[in-house]
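[1] The following comprises the amino acid sequence and a computationally predicted model.
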Amino acid sequence: MTGDKSLCLLNFIHETEESLRVLLIENVEYIHKLRSLMPRAELFVVAADEDLPLDEEFKGMDIHWVTLNYLAEKLPLEEEFFDIILGEELFLEAWNPQDIASGLGLYLKDTGCLLTTFTNARYWKNIRDLMAGHFYHVCTHVFTRDEMLSLLAASFYKDAFFLPVNDGSKVDKEFIGKLESMGFENHSNDLGVRTWLVRATKSIGEIIALKKLYTKEVRRELSNRLRRIEYGIDVAENAEKLWQLFEKNMIFPEYVADFARQTIIHQDDFVAAFVFQLKKLGHNEWAEKYLDAANMTYIAPGEPMVKAGAPSTNGAASENDTFTPNENCVENGTTESKGAPLSDVPPEKKIAFISCVNKEEWYHECQLFINNLKVPEGMRVELLPIRGAESMCQGYNIGMKQTDAKYKVYIHQDTFIANKNFIEDLLNIFKDKSIGALGVIGARKLPKTGIWWDGLRTVGRVLHACEAESVVDSTCRDIDGDYVDVEAVDGLLFATQVDLPWREDLFTGWHFYEISQSMEMWRHGYQVVVPRQEDDFWCIHCPKEKPLDPSYKKYQKIFLKEYGGELEPEI
């Protein structure tokens with residue numbers, strides 16, 4: 001336990017009769033107090049000592065024991081199962097603390113929390129020892145509070161709360177004053193804190209509240225249909241389906257207002273379209289309650305929706321927007337398209353959207369957004385879903401060979417193109433024949449790691465909706481001009497006007513394929529660019545947050561062996 005017996009991880013836990021699922025790691029001295037605080041909890045304990053489950057002290061306490069070294073072995077437990085995971089100094093002896101933090105997060109429910117402690121690297125005694133030439137943490141990890149925040153953020157935790165613990169010894173105020181005079185910051189008396197307690201959650205408080213009321217499936221459908229209305233996709237039908245969802249699950253207007261506040265970017269235009277349809281369906285009272293909760297004022301059909309005293313903003317949908325399946329869009333192998341057969345259309349008049357597909361529900365959503373795009377006169381759109389591919393490169397090569405379209409957009413199944421003018425914007429940029437490929441976010445120069453987001457100058461922007469209940473604005477540096485050249489782009493969208501084989505001879509999995517293809521473009525004398533997205537985002541990306549697959553490092557090494565000599569990292 002910590003030196004200050006009055007302050008420990010149990011300060012984060014309140015007495016409850018709820019049937020929570022709790023995972024305790026190593027600190028078995030917590031067991032009795034946990035049982036007292038949470039008598040109905042399902043308690044799991046991980047411990048390296050195989051004799052602990054036989055200890056008389058713990059008999060009859062209904063504990064699920066897991067005897068292994070959590071730092072070296074994967075826990076044989078169900079993912080997204082626990083409400084609380086706790087243990088002191090969980091990262092102290094970890095080879096890679098981020099692997100442990102993100103790995104433990106896999107076992108937490110999306111409303112769960114991780115409770116742990118860490119030694120403060122900025123504690124005055126540690127600094128005094130360093131100044132005297134002594135460092136007693138060679139084989140262990142100590143962190144500053146900012147470093148711990150960065151570690152948790154990189155491990156997909158969205159919020160963290162800290163409590164300070166002191167060892168009870170007399171603080172050398174004179175020495176701390178000397179440190180401050182030397183330029184050491186001392187916010188919240190950080191230099192006097194020996195140990196920090198931390199409570200990290202996978203969602204911020206507002207999102208946790210949204211997640212607790214309805215199932216993940218209901219929240220996903222709610223998110224999808226709200227977003228379709230936001231972007232003008234079959235607004236009337238989705239409003240009607242939403243109403244059915246509300247009635248079936250007893251979803252109240254205040255909840256929807258809070259949900260939309262977290263998930264919708266174009267609030268004004270969305271609310272205008274949404275409320276217009278609700279009123280049209282005869283649900284005036286519900287619509288008025290929604291407006292009150294959203295703090296919006298409904299003007300009149302055809303007029304913008306505004307907050308009291310606030311100007312309207314340009315959004316993606318209007319209240320009269322409806323979606324009609326794109327007549328110029330055809331999925332490979334079908335003939336449901338007006339005009340000449342696709343085979344008779346010249347290559348320069350065709351644009352193909354190629355996706356590796358293993359989740360049909362995601363690809364369905366991706367298709368809806370592609371079908372919602374404005375298609376320039378004379379152009380035809382082709383959809384090429386590739387199912388059963390063994391790697392991204394293999395799938396993309398299969399798709400490339402199935403179409404003679406000059407313009408190809410290799411797009412993740414969980415990427416939605418929000419820019420309705422995407423095709424026209426793309427064609428305008430591709431008028432420059434020196435440009436081989438375009439993405440929406442990337443790095444001007446790759447760093448020595450080959451990982452684009454580690455670059456010093458990242459550019460572009462994308463909306464990330466990694467969970468149904470929120471959307472995050474990921475914006476890098478501004479771009480001067482219509483576009484800027486980059487060494488590599490992210491693979492969420494990779495558009496081309498020249499065909500180069502994807503390197504399936506090297507990249508037989510799902511990582512570094514787009515970084516390789518970017519380098520291949522440059523090798524063959526073509527630019528790779530990212531467009532300016534000043535007015536709005538071009539894409540919404542909905543990846544699941546999870547630790548990097550172990551194979552990522554494998555393909556990073558392959559990439560660096562093949563292309564490392566061509567990199568010129570910025571310093």
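    Sure thing, it's come through.

[2] So which bits of stretch 413-422 are buried?
    Buried positions in stretch 413-422, judged by neighbour count with 16 or more other C-beta atoms under 10 Å: 413-420, 422. The way it works is simple: take the backbone N, C-alpha and C, and place the C-beta from them, glycine included.

[3] same thing with stretch 12-26?
    Quick answer for stretch 12-26 (16+ other C-beta under 10 Å): 13, 20-26.

[4] And the furthest pair within those?
    Leu20 and Glu26 (19.5 Å; C-beta to C-beta).

[5] Quick check on Thr415: phi, psi?
    phi -110, psi 130 (degrees, to the nearest 10).

[6] which residues in the stretch 101-250 of the chain form strands?
    108-119, 159-165, 195-201 (DSSP state E, counting those that start in this stretch).

[7] what about these, which gets the closest to Gly491?
    strand 108-119 (25.6 Å).

[8] Nearest residue to the middle of the protein?
    Nearest residue to the geometric centre of the chain (C-alpha atoms, centre = their mean): Cys466, 3.7 Å.

[9] Distance-wise, check that one relative to Lys546.
    Going from Cys466 to Lys546 by C-beta to C-beta, to the nearest Å gives 10 Å.

[10] How about Val345?
    For Val345, the distance to Lys546 - C-beta to C-beta - is 41 Å.

[11] So for these two, which residue has more residues nearby?
    Val345 (20 against 13; other C-beta atoms under 10 Å).

[12] Beta-bridge partners for the closest residue to the more buried one other than its chain neighbours, please?
    Using C-beta to C-beta, 6 or more residues apart in numbering and skipping residues adjacent in sequence, the residue nearest Val345 is Arg380, 5.0 Å away. Arg380 forms beta bridges with Lys350, as assigned by DSSP bridges.

[13] So for Leu90, which of the strands of the stretch 101-250 of the chain sits nearest?
    Per C-beta to C-beta, nearest to Leu90 of the strands of the stretch 101-250 of the chain: strand 108-119, 4.4 Å.

[14] Can you give the strand pairings for the closest one, parallel or anti for each?
    Strand 108-119 is paired, per DSSP bridges, with strand 82-86 (parallel), strand 195-201 (antiparallel).

[15] Give the buried residues for it.
    Quick answer for strand 108-119 (16+ other C-beta under 10 Å): 108-119.

[16] on that earlier part again, can you redo the buried residues of stretch 413-422 as CSV with distance to Cys366?
    Output for those, formatted as CSV (distance: C-beta to C-beta, whole Å):
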residue, distance to Cys366
Gln413, 5
Asp414, 7
Thr415, 6
Phe416, 6
Ile417, 8
Ala418, 12
Asn419, 14
Lys420, 15
Phe422, 13
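
[17] can you redo those as TSV with pLDDT?
    Formatted as TSV, the buried residues of stretch 413-422 follow (pLDDT from 0 to 100):
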residue	pLDDT
Gln413	98
Asp414	97
Thr415	98
Phe416	98
Ile417	98
Ala418	97
Asn419	97
Lys420	96
Phe422	98
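
[18] Which ones among those residues lie within helices?
    Phe422 (DSSP state H).

[19] and the strand or helix carrying Glu382, what other elements does it pack with?
    Using DSSP states H and E, Glu382 sits within strand 380-387. If contacts are counted by 3 or more C-beta pairs under 8 Å, 6 or more residues apart in numbering; DSSP states H and E, strand 380-387 sits against strand 329-331, strand 350-357, helix 360-371, helix 392-401.

[20] rewinding a little: nearest to Pro97, of the buried residues of strand 108-119?
    Nearest to Pro97 among the buried residues of strand 108-119, with distances taken as C-beta to C-beta, is Phe118, at 9.1 Å.

[21] hey, what's that closest one bridged with?
    Trp196.

[22] Please list all residues in contact with it.
    Residues counted as contacts of Phe118 (C-beta atoms under 8 Å, 6 or more residues apart in numbering) are 89, 91-92, 141-143, 148, 195-196, 198.

[23] Could you measure from it over to Thr140?
    Taken as C-beta to C-beta, the span from Phe118 to Thr140 is 10 Å.

[24] joint contacts of these two?
    Leu92.

[25] returning to what we had before: and the strands paired with strand 108-119: which comes nearest Asp485?
    strand 195-201 (39.2 Å).

[26] could you give me the average pLDDT of the closest one?
    Average pLDDT, strand 195-201: 95.

[27] what does stretch 10-18 give?
    In the prediction, stretch 10-18 has an average pLDDT of 93.
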